[in-house]
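# Next input, structure requested:
(chains A and B)
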Amino acid sequence: DIQMTQSPSSLSASVGDRVTITCRASQGIGNYLAWFQQKPGKAPKSLIYAASSLQSGVPSKFSGSGSGTDFTLTISSLQPEDFATYYCQQYNTYPFTFGPGTKVDIK
Amino acid sequence: QVQLVESGGGVVQPGRSLRLSCAASGFTFSSYGVHWVRQAPGKGLEWVAVISYDGRNKYYADSVKGRFTISRDNSKDTLYLQMNSLRAEDTAVFFCAKDRERYCTGGSCPFDFWGQGTLVTVSS
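Modelled structure (predicted):
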């Protein structure tokens, strides 16, 4: 199975900060990488697919990059509604696997 | 608008069975693969299973293979997960999620919409 890692596991940031989260796959996955946002008690929300394509309705403050094994999610200017846990996921090969998550909270 | 609504969760004893449902609306259900993903309390997301748009292709996580069966009824726009031989470690919120693209088989298709989840608790 492809293992996904994320760093950091958590971070504290202020409104307006630029935030970057890193995701690494244990083997190359091309650009078959997605990012999800999850708030407490809620279902995950799809943000990005194909490493850098925004899902419909997702604001452009979210951006993704990378290919192969190394990927990043960037939030350009953090807003109160962005405080959440973010997960990456590879969908190159079954079983699909998720990273352990990065919790973004308020400094 | 796209909606996925899970149901069927509850408290069940170890070794017993439970069937989850995911009712779809707002899109042509029969054209899309659908997945089950679970999340144990306080833990991360774990992909469980997928079924192709036509029901012909199914894949499972090793942790549930041989115990869980994914199926669908395209005439009822509904996805199912039959869970047998349940264990305490199966305790989780189960979400369904659909492929973003139509007619995807064999993987390499991302999710888009998710349901709100249904809680399964395995306990004596």
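# What does the residue nearest the centre of chain A show for phi and psi?
The structure's chain A has its C-alpha centroid closest to A:W35; by CA atoms, centre = their mean the separation is 3.8 Å. Reported as degrees, to the nearest 10, the phi and psi values for A:W35 are phi -120, psi 140.
# what's the spacing between it and chain B?
A:W35 is 10 Å from chain B, where distance means CB to the nearest CB, to the nearest Å. Placement of C-beta: from N, CA and C, glycine included.
# Touching, that residue and A:S63? I think so.
No - A:W35 lies out of contact with A:S63 (CB atoms under 8 Å); the separation is 9.9 Å.
# Would you mind putting the CA coordinates of stretch A:68-79 into CSV?
What follows is stretch A:68-79, C-alpha atoms only, in CSV (Å, rounded to 0.1, in the frame of the first residue of the first chain):
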residue,chain,number,x,y,z
GLY,A,68,5.4,12.3,-8.0
THR,A,69,5.9,12.0,-4.3
ASP,A,70,5.9,15.6,-2.9
PHE,A,71,2.9,17.9,-2.7
THR,A,72,1.8,21.1,-1.0
LEU,A,73,-1.4,22.8,0.0
THR,A,74,-1.3,26.5,0.5
ILE,A,75,-3.9,28.8,2.0
SER,A,76,-2.9,32.3,0.9
SER,A,77,-4.7,34.3,3.6
LEU,A,78,-6.1,32.4,6.5
GLN,A,79,-9.7,33.3,7.5
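# same question for it, mean pLDDT?
Averaged across stretch A:68-79, the pLDDT comes to 97.
# and it with chain B, contact?
No - if you take CB under 8 Å from any CB of the partner chain as the test, stretch A:68-79 misses chain B, and the best it gets is 13.5 Å.
# what does that stretch contact?
Here stretch A:68-79 makes contact (CB atoms under 8 Å, 6 or more residues apart in numbering or on different chains) with A:13-30, A:33, A:35, A:47-48, A:51, A:61-66, A:82, A:86, A:88, A:104.
# burial count for A:S63?
A total of 17 residues lie near A:S63 under the criterion other CB atoms under 10 Å in any protein chain shown.
# That one contacts A:L47, doesn't it?
No - the criterion here is CB under 8 Å, and A:S63 misses it with A:L47 at 9.8 Å.
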